[in-house]
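Colleague: Any chance you can model this:
(one chain, ligands or ions: 2)
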Amino acid sequence: MNAIDTIPPLAADLVSFIEGLPKAELHLHIEGTLEPELLFALAQRNRVKLPYATVEELRAAYAFTDLQSFLDLYYAGAAVLQTEQDFYEMTAAYIAHCRADNVRHVEIFFDPQTHTERGIDIAVVFAGIARALREAQNSPDEHGFSSFMIMSFLRHLSEEDAFATLEAALPLREQYKDLWIGIGLDSAERGNPPEKFAKVFARCRELGFYLVAHAGEEGPPAYVISALDVLQVQRIDHGVRSEEDPDLMTRLSKERIPLTVCPLSNLKLCVVDDLAKHNLARLLHAGLAVTINSDDPAYFGGYMNDNYLAVAQSLRLSRTELVKLTRNSFEASFLPEKEKQRLLQELDGYCMAH
Ligand SMILES: Nc1ncnc2[nH]cnc12
Ligand SMILES: [Zn+2]
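Modeller: Ligands and ions are numbered 1, 2, ... in the order given. Modelled structure (predicted):
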């Protein structure tokens, strides 16, 4: 039996309140939205041989013990992505989940090195993702859905490799200036401290990109500090281990540095062994700008509303706390102030009506 099965279910009116809350997703790897069904379809279309006979067999392999055990499967899965149409379909499928979960704004990570290493042109990656995002932004059915792209460097590779990726991407900047606004850092955290990427982040800062980095997921609080001080990031992705350092907690609270927390990811990757022990509520009560996100939803068992519902149930979050989390998600976004205010007003309107 899962620990969550021993916790009373949420009241139906709270479930529908959570489902309808307008929210922003700020920590989402687009390659982590590749569901096994689409992965199999793309493998067939592109004649990529998979080491699994069925969708069920693949899903059964999603039993992770740590970040690396997940990354091994995640990079292997990404090998089915070959054409612009593949990236488009993956992104369009994620946007359908946004619509279902009332996610009004997303800032998605993409890892070009995962693809360029396999000989895929970086322009193909940009084009497929951007086509789906622009289509959603321009669709009358989406009424105001917005999105940004954050290009992330893989930290298990060298800084030189990150520089080469930046150089390859920069000629595309003008073409995607409405979407590509930031730079991130992800992949295996332990042994790959933020300092390793000091020079390339300094260059990205000069170029005017927003900066974020994964830190304090598996790595120590010292990595959160160097992401802030050396890389000068504006947000920390995960950051849950910050709690081990009281001075860091005071700083994060005082400076309102957002943490993009991913509860179901933390559970699946054994960062916590029980969602009821997750520190999200403690971080929130300590005054940190905490947000809820899904990270790699196809691998971790849930999209945005699944994450909200799981923590609401496990941590018995109140409506006030849940609204605070969604408010934080808009405030922590890289949207222009006017757009932020529009979404915050939409949230206020929703709360008044419910
Ligand atoms: N949770 C995570 N941590 C680090 N790198 C990732 N890449 C995709 N998901 C990740
Ligand atoms: Zn992540």
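Colleague: Report the next helix or strand after whichever strand or helix holds residue 41 in sequence order.
Modeller: Residue 41 belongs to helix 36-45 when assigned by DSSP states H and E. The helix or strand immediately downstream of helix 36-45 is helix 55-60, counting by DSSP H and E.
Colleague: How about that next one, which residues are buried there?
Modeller: 58, 59 (16 or more other C-beta atoms under 10 Å). All C-beta spots, glycine's among them, are computed from the backbone N, C-alpha and C.
Colleague: now for that helix, which elements pack on it?
Modeller: helix 36-45 (3 or more C-beta pairs under 8 Å, 6 or more residues apart in numbering; DSSP states H and E).
Colleague: Grab the nearest non-local neighbour of residue 308.
Modeller: Spatial nearest neighbour of residue 308, chain neighbours left out: residue 18 (5.0 Å); criterion: C-beta to C-beta, 6 or more residues apart in numbering.
Colleague: how many other residues sit next to that neighbour?
Modeller: By other C-beta atoms under 10 Å, 23 other residues sit near residue 18.
Colleague: Going forward, count from 6.
Modeller: Yes, from this point I'll number from 6; that puts the last item at residue 23.
Colleague: Identify the residues contacting the strand or helix carrying it?
Modeller: Under the criterion of DSSP H and E, residue 23 resides in helix 17-25. Helix 17-25 is contacted from outside by 15, 106, 107, 310, 313, 314, 317, 324, 327, 355, 359, using C-beta atoms under 8 Å, 6 or more residues apart in numbering.
Colleague: List only buried entries from those residues.
Modeller: Using 16+ other C-beta under 10 Å, the buried ones in the contacts of helix 17-25 are 15, 106, 107, 310, 313, 314, 317, 327, 355.
Colleague: re the thing from before, take the contacts of helix 17-25 and write them to CSV, including pLDDT.
Modeller: Formatted as CSV, those follow (pLDDT from 0 to 100):
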residue, pLDDT
15, 94
106, 97
107, 97
310, 98
313, 98
314, 98
317, 98
324, 98
327, 98
355, 98
359, 95
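Colleague: What residue in the stretch 56-205 of the chain comes nearest to ligand 1?
Modeller: Relative to ligand 1, the nearest point of the stretch 56-205 of the chain is residue 191 (3.6 Å; C-beta to the nearest ligand atom).
Colleague: Residue 258 versus that residue, what's the distance?
Modeller: 25 Å (C-beta to C-beta, to the nearest Å).
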